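Chemist: Provide a 3D model corresponding to the input given below.
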Amino acid sequence: MAKIKVIADENVHMAIVEGLKRRGVTAWSVQTAGRGGLSDEEQLEYTTSQGACLLTHDDDLLTLADQWRKNGRRHGGIIYVHQQALQIGEIIRRIKTLVDIKTAEAMESHIEFL
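Modeler: Just a heads-up that it's a prediction; the model follows:
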């Protein structure tokens, strides 16, 4: 059972990625992977190829994930948090808890709302 890896999309504050890393979570951003500026579909394809979940504030990705589901396509999972709903520290705590209690396999094609 693999641990959840997290890739943050372009709109996620880098402090979240750094906070996750400090807590032992394998996390990086699309920018640090040299994938900034790509479409949502390309980002979801990339995270899936990396066996990771995509952390996002972008509700367009929820629509894309639904389209993939309807077409029988699987993805590595999405962790969605509304940008103004939680503070950075709380986002980090919730993702760390998620990583501690779920596996990467359980997150496959799943959307987790923080």
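Chemist: top helix in the protein by residue count?
Modeler: Looking across the chain with DSSP state H, the single longest helix is helix 88-101.
Chemist: same for that helix, what does it pack against?
Modeler: Here helix 88-101 touches helix 14-22, going by 3 or more C-beta pairs under 8 Å, 6 or more residues apart in numbering; DSSP states H and E. Every C-beta, even on glycine, is put in place using the N, C-alpha and C of the backbone.
Chemist: Kindly give the local confidence score, pLDDT, for the closest residue to residue 94 other than its chain neighbours.
Modeler: Of all residues not flanking residue 94 in the chain, residue 114 sits nearest, at 4.8 Å (C-beta to C-beta, 6 or more residues apart in numbering). Here, the pLDDT recorded for residue 114 equals 93.
Chemist: Confirm for me that residue 114 is in contact with residue 78.
Modeler: No - using C-beta atoms under 8 Å, residue 114 makes no contact with residue 78, being 10.8 Å away.
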